[in-house]
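Undergrad: here's my sequence, what's the structure:
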Amino acid sequence: MLVFLATLGGVLANRLKVPPVLGLLLIGALAGPQFLALVPQGDTVALFSEIGGMLLLFAIGLEFSLSKVFSFGARALAFAVFKLFIVFFLSFQLGQALGLGGMGSLYLGAILAVTSTALMVKVVEQKGYLKRREVGVLVASLVVEDFFAVFALAVFSGMGKGGVSAAELASSIEFSLLLLVAVYALASWLLGRVLDYFLKYQAHETMTLLALGVGVGFSYVAGALGLSPSIGAFLAGSMVASLPRGDLLSKSVSPFIFAFSSIFFLSIGMLIDFSSIYQNLALVVVLIAANAVFKFAGSYASGYLSGFSGNEAAFSGIAMQPVGEFSLLMARQGDRFVGFDLVGVTSAVTFFSTLTASLSLDRFREANAALNAFLPRPLKSAARGMARAFSEAFASIERAGKSSWTAVKLNWFYWASGVFYLALGWAAETFFTVASLSSLTGFAEEQVRLFPQITVLAAALVLTLGVQRSVVALAGRTSRSVEKLSHALSLVFFALLLPFVAVSFGAGFGETELFFLIVGVLLLFLVYHVDEGERKGEPVYSLFFKK
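TA: Numbering: from 1, shown residues only. Got it, this is the predicted structure:
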């Protein structure tokens with residue numbers, strides 16, 4: 001039944017002249033348990049879907065070797081951080097306006113902020129744009145977004161278990177990444193020799209099994225380390241792409257990738273609940289429109305500041321629309337914090353965001369022209385100034401090359417200090433929860449309970465300083481443009497980190513919203529006054545950022 005439905009979805013998509021992924025999503029919605037119930041959403045479908053998702057990310061990695069991903073490193077990191085902050089901030093405020101409360105707004109912000117790697121790349125590939133210059137940066141930025149999604153899921157999962165320490169999160173993710181890098185280096189060395197052995201003894205029929213073993217096996221390793229299996233699958237594909245004869249593995253596994261990824265898209269479509277959409281129709285429409293506007297604005301601004309042209313930034317704004325599997329996982333955990341079916345609403349947004357990207361991707365030039373006509377001239381002038389400054393900073397980083405990463409390692413003090421403050425705050429929070437404070441006066445108890453919040457703030461500030469100094473170290477030198485990039489990135493990183501750290505310590509959201517406002521004012525001040533300050537020889541924002 002699955003194979004028949006996948007075939008029917010492909011035929012339907014061809015008849016409607018839309019990418020096959022949309023046909024698969026629609027057929028999955030119609031045949032799934034929420035409508036015709038031709039196929040139950042059982043363990044078998046879940047297993048095939050998970051394998052399909054892994055192989056799809058493996059195929060994406062085959063198009064982008066790890067050296068190519070690293071060549072986009074600074075731009076991809078800047079794009080991901082800026083885009084995540086803009087979309088998260090706007091979505092968080094929308095949740096507040098809709099009356100979802102602090103927790104519901106946090107879930108909504110995280111759900112809409114993340115773009116689906118699988119859906120985005122599939123739409124771009126089927127439209128014939130996979131070779132465009134900016135696509136490499138987008139894919140590399142989505143790897144960064146996956147790490148953000150893993151961190152957010154860890155925080156949300158910990159809340160369901162009674163709280164999780166931000167220090168534990170930071171240390172566990174860091175440790176898992178180090179182990180994954182070690183496994184990657186060992187696997188790369190072994191795989192090259194195994195491939196030579198198979199070629200030497202003409203064992204071509206085993207190439208398919210070897211490719212499947214690498215893709216699914218590395219996904220399993222990443223999952224066992226507490227990271228997303230999709231990260232492991234992407235790295236496995238990149239590893240194969242970097243081998244001298246890696247194209248043999250790529251060709252041998254492509255039919256399996258096509259078959260299993262089709263089931264993956266079918267299973268996403270099966271999550272769509274038409275009755276839930278009908279009951280929450282107004283909310284679904286609002287979120288679909290908000291996702292389209294927020295993602296386009298965030299991706300366009302991030303792309304332009306990362307060195308894209310106007311047309312390339314508009315292409316990014318449309319291509320980065322799809323909401324995907326990570327968002328659905330978050331929605332499953334956030335159902336209890338909102339008064340509606342969050343999974344059903346998110347699945348509807350997933351379908352329509354993919355539809356939006358597919359139908360409008362060819363019109364990115366018209367979208368850029370319309371935006372240029374709409375934006376006021378002072379804002380465009382300030383944006384061009386910031387883009388020039390950031391481009392100079394990226395050029396400095398790219399000229400510095402791999403040697404600059406050694407300088408970044410020297411900033412370990414900031415990262416270790418940040419984790420120390422987080423651990424101190426977690427210990428204080430645990431102590432105050434267990435210990436009896438009845439002997440203290442009301443004022444004294446209030447002051448004592450502020451201590452964990454102070455350590456959280458100190459940790460966030462120290463980690464932010466680590467980001468700022470790392471950007472300067474990557475460039476290998478200090479210049480005005482590098483300082484602008486480092487200050488902006490550190491501000492945005494701080495704003496993105498603080499809400500999740502606050503949640504892990506049970507902090508309120510009033511302070512978080514106030515901080516969002518302060519960061520927004522500082523960023524606007526930085527953008528609007530950069531040109532005027534440079535003409536006078538002294539940037540205005542230097543009042544806030546002394547060396």
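Undergrad: please report how far L47 lies from F260.
TA: 10 Å (CB to CB, to the nearest Å). Quick note: C-beta positions are derived from backbone N, CA and C, even for glycine.
Undergrad: between those two, which has more neighbouring residues?
TA: Under the criterion of other CB atoms under 10 Å, the comparison of L47 against F260 puts F260 first, with 21 against 12.
Undergrad: and the closest residue to the more buried one other than its chain neighbours, what element?
TA: Sequence neighbours aside, G52 is the residue nearest to F260 in space, at 3.6 Å (criterion: CB to CB, 6 or more residues apart in numbering). Per DSSP states H and E, G52 falls inside helix 43-63.
Undergrad: run through the neighbouring helices and strands of that helix.
TA: helix 117-126, helix 207-224, helix 229-241, helix 246-270 (3 or more CB pairs under 8 Å, 6 or more residues apart in numbering; DSSP states H and E).
Undergrad: which one, of those helices, ends up nearest to W189?
TA: With CB to CB, the closest approach to W189 among the helices and strands packed on helix 43-63 belongs to helix 229-241: 10.4 Å.
Undergrad: put the alpha carbons of that closest one into PDB.
TA: Taking Å, rounded to 0.1, in the frame of the first residue of the first chain, the C-alpha atoms of helix 229-241 are listed here in PDB:
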ATOM      1  CA  PRO A 229      20.400  11.100  13.700                       C
ATOM      2  CA  SER A 230      20.000  13.600  10.800                       C
ATOM      3  CA  ILE A 231      23.300  15.200  11.800                       C
ATOM      4  CA  GLY A 232      25.000  11.900  11.600                       C
ATOM      5  CA  ALA A 233      23.400  11.100   8.200                       C
ATOM      6  CA  PHE A 234      24.500  14.400   6.800                       C
ATOM      7  CA  LEU A 235      28.100  13.900   8.000                       C
ATOM      8  CA  ALA A 236      28.100  10.400   6.600                       C
ATOM      9  CA  GLY A 237      27.100  11.700   3.100                       C
ATOM     10  CA  SER A 238      29.700  14.500   3.300                       C
ATOM     11  CA  MET A 239      32.300  11.900   4.300                       C
ATOM     12  CA  VAL A 240      31.500   9.700   1.300                       C
ATOM     13  CA  ALA A 241      31.500  12.700  -1.000                       C
END
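Undergrad: how far does the host helix or strand of L94 sit from the chain's center?
TA: Assessed by DSSP H and E, L94 sits inside helix 73-97. Put simply, helix 73-97 sits 9 Å off its chain's centre (CA atoms, centre = their mean, to the nearest Å).
Undergrad: list the buried ones in it?
TA: Residues of helix 73-97 classed as buried by neighbour count (16 or more other CB atoms under 10 Å): 73-92, 94-96.
Undergrad: what's the following helix or strand after it?
TA: For helix 73-97, the following helix or strand on the C-terminal side (DSSP H and E) is helix 101-113.
Undergrad: distance from the chain centre to that following helix, please.
TA: With CA atoms, centre = their mean as the basis, helix 101-113 stands 15 Å off its chain's centre.
Undergrad: quick revisit: would TSV of the helices and strands packed on helix 43-63 with mean pLDDT and distance to F147 be doable?
TA: Shown next, in TSV, are the helices and strands packed on helix 43-63 (pLDDT from 0 to 100; distance: least, CB to CB, whole Å):
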stretch	mean pLDDT	distance to F147
helix 117-126	86	12
helix 207-224	82	11
helix 229-241	80	7
helix 246-270	80	21
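Undergrad: which one of those helices is the most hemmed in?
TA: helix 229-241 (a mean of 27; mean count of other CB atoms under 10 Å).
Undergrad: and the next helix or strand past the host helix or strand of L287?
TA: Following DSSP H and E, one finds L287 within helix 281-305. Per DSSP H and E, the first helix or strand lying C-terminal to helix 281-305 is helix 310-319.
Undergrad: who's in contact with stretch 187-203?
TA: Contacts with stretch 187-203, where a contact means CB atoms under 8 Å, 6 or more residues apart in numbering, come from 204, 206-207, 210, 214, 218, 236, 239-240, 242-246, 248-249.
Undergrad: which parts of it are buried?
TA: Residues of stretch 187-203 classed as buried by neighbour count (16+ other CB under 10 Å): A187, S188, L191, G192, L195, F198.
Undergrad: low pLDDT regions in the protein?
TA: 64-73, 154, 157-180, 199, 202-205, 245, 400-466, 474, 476-478, 501-547 (pLDDT under 70).
Undergrad: any idea how it splits into domains?
TA: Domain assignment of the chain by automatic domain parsing yields the ranges 1-374, 376-547.
Undergrad: which of those domains sits most buried?
TA: domain 1-374 comes out most buried of the domains of the chain by mean count of other CB under 10 Å, with a mean of 20.
Undergrad: what is the end-to-end distance of that one?
TA: 50 Å (CA to CA, to the nearest Å).
Undergrad: chain center to it, what's the gap?
TA: Relative to its chain's centre, domain 1-374 lies at 9 Å (CA atoms, centre = their mean).
Undergrad: and the residue positioned nearest the centre of the chain, how far from V323?
TA: In the chain, the centroid-proximal residue (CA atoms, centre = their mean) is E145; its distance is 1.7 Å. E145 is 12 Å from V323, where distance means CB to CB.
Undergrad: now the common contact residues for those two.
TA: V114, T115.
Undergrad: pull up the gap between the nearest residue to I288 once chain neighbours are set aside and I51, please.
TA: In space, and not counting its chain neighbours, I288 is closest to F352: 4.8 Å by CB to CB, 6+ apart. Using CB to CB, one obtains 27 Å as the distance from F352 to I51.
Undergrad: report the angle between the helix holding G52 and helix 117-126.
TA: Angle of helix 43-63 versus helix 117-126, following axes from the mean of the first three to the mean of the last three CA atoms, to 10 degrees, is 60 degrees.
Undergrad: now the angle from helix 43-63 to helix 246-270?
TA: Using the same axes, to 10 degrees, helix 43-63 lies at 140 degrees relative to helix 246-270.
Undergrad: pull the most distant pair out of the contacts of stretch 187-203.
TA: H204 and F218 (22.1 Å).
Undergrad: hang on, the earlier thing: can I get the helices and strands packed on helix 43-63 in a markdown table including distance to N291?
TA: Shown next, in a markdown table, are the helices and strands packed on helix 43-63 (distance: least, CB to CB, whole Å):
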| stretch | distance to N291 |
| --- | --- |
| helix 117-126 | 13 |
| helix 207-224 | 28 |
| helix 229-241 | 21 |
| helix 246-270 | 16 |
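Undergrad: those: which one's closest to S347?
TA: Closest approach to S347 among the helices and strands packed on helix 43-63 is made by helix 246-270 (7.3 Å; CB to CB).
Undergrad: who are the packing partners of that closest one?
TA: Other helices and strands packing on helix 246-270, by 3+ CB pairs under 8 Å, 6+ apart, are helix 2-16, helix 20-31, helix 43-63, helix 117-126, helix 166-200, helix 207-224, helix 229-241, helix 342-360.
Undergrad: repeat that for 6 Å
TA: Secondary-structure packing of helix 246-270 (3 or more CB pairs under 6 Å, 6 or more residues apart in numbering; DSSP states H and E): helix 20-31, helix 43-63, helix 207-224.
Undergrad: JSON lines for those helices, including distance to L497?
TA: Output for those, formatted as JSON lines (distance: least, CB to CB, whole Å):
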{"stretch": "helix 20-31", "distance to L497": "33"}
{"stretch": "helix 43-63", "distance to L497": "26"}
{"stretch": "helix 207-224", "distance to L497": "23"}
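Undergrad: out of those, which is closest to S391?
TA: Set against S391 and scored by CB to CB, the helices and strands packed on helix 246-270 come closest in helix 43-63, at 25.6 Å.
Undergrad: the closest one to helix 20-31, inter-axis angle?
TA: 170 degrees.
Undergrad: ok, and what's touching helix 43-63?
TA: 118, 121, 215-216, 219, 229-230, 233-234, 236-238, 241, 250, 257, 260-261, 263-264, 267 (CB atoms under 6 Å, 6 or more residues apart in numbering).
Undergrad: touching, E145 and T117? I think so.
TA: No. Contact between E145 and T117 fails when scored by CB atoms under 6 Å: they sit 7.8 Å apart.
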